[in-house]
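Asker: just the structure for this:
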Amino acid sequence: MAQLQTSGTPEQINDFIRGGHSLRADLAGRLVDVLSLPVEQVNENERVFTADILVQLFDHLPLEVRAELSARISVVLCPPTLFLRRMLLDDISVAAPMIDNLTDIPDTLLMEAATMSPQHRARISRRMRLNDHLVETIIAQGDIEATLLLLKRDDVTISKQCIEDLVLQTEHN
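Answerer: All right, here's what the predicted structure looks like:
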């Protein structure tokens, strides 16, 4: 294993740091490979353990790597909840593949993700099935674009109280 020397040129130190990112990215990629295995090859305890390691590792990965890993895993199956939550609450480039591709995301996680950014809300607003609580959470954020997306949909139910709140908001603006 390489050791960081206190003496060295800035280029050597940068090479070491980049190497550390590369090792972490490789490890994360292999862990995602484990999560991507068919259900009959990996039991639930192994999946959860692997996801726990990924959650710890995720904060030490560059955004581009996190986004790439999210895109890879989003086409396979829904990851364990803790790892899914970590990805949904990340930058939209990481969260988007999860929001767009996974149909089995618990509403509570989507409600939490809806508080992250306008981009999160817009993506969530375009999902197929939205329950009333999720719709209210999105509208409560005061995001005009996401609210308009919801109002244009025929399949979304908006509560009377929520409509009244929207009317009040428009009267004050």
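Asker: how close does the residue nearest in space to the middle of the chain sit to L148?
Answerer: Nearest residue to the geometric centre of the chain (CA atoms, centre = their mean): L88, 2.0 Å. For L88, the distance to L148 (CB to CB, to the nearest Å) stands at 23 Å. From N, CA and C alone the C-beta is placed, and that goes for glycine too.
Asker: now do L168
Answerer: Using CB to CB, we find L168 at a distance of 17 Å from L148.
Asker: same check on D26?
Answerer: 43 Å.
Asker: can you show me the helices along the protein?
Answerer: Listed in chain order, the helices of the chain (DSSP state H) span 10-35, 44-58, 63-74, 81-88, 92-101, 107-113, 118-125, 132-140, 144-151, 160-172.
Asker: export those helices to TSV and tack on mean pLDDT?
Answerer: Below are the helices of the chain laid out as TSV (pLDDT from 0 to 100):
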stretch	mean pLDDT
helix 10-35	70
helix 44-58	92
helix 63-74	93
helix 81-88	94
helix 92-101	96
helix 107-113	97
helix 118-125	97
helix 132-140	93
helix 144-151	92
helix 160-172	84
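Asker: L54 contacts A28, correct?
Answerer: Yes: between L54 and A28 there is a contact under CB atoms under 8 Å: 6.2 Å.
Asker: tell me which of these two has more neighbours.
Answerer: L54 (24 against 20; other CB atoms under 10 Å).
Asker: distance of L37 relative to R47?
Answerer: 9 Å.
Asker: quick one, which of these two is more surrounded?
Answerer: Set side by side, L37 and R47 show more neighbours around R47, with 18 against 14, by other CB under 10 Å.
Asker: leaving out the residues flanking it, which one is nearest to the more buried one?
Answerer: In this structure, R47 finds its nearest non-sequential neighbour in P80, 5.6 Å apart by CB to CB, 6 or more residues apart in numbering.
Asker: my read is that the one you found contacts I53, right?
Answerer: No: P80 is beyond contact range of I53, at 11.1 Å (criterion: CB under 8 Å).
Asker: okay, these two: which has more neighbours?
Answerer: Just comparing P80 and I53: by other CB under 10 Å the higher neighbour count belongs to P80, 17 against 14.
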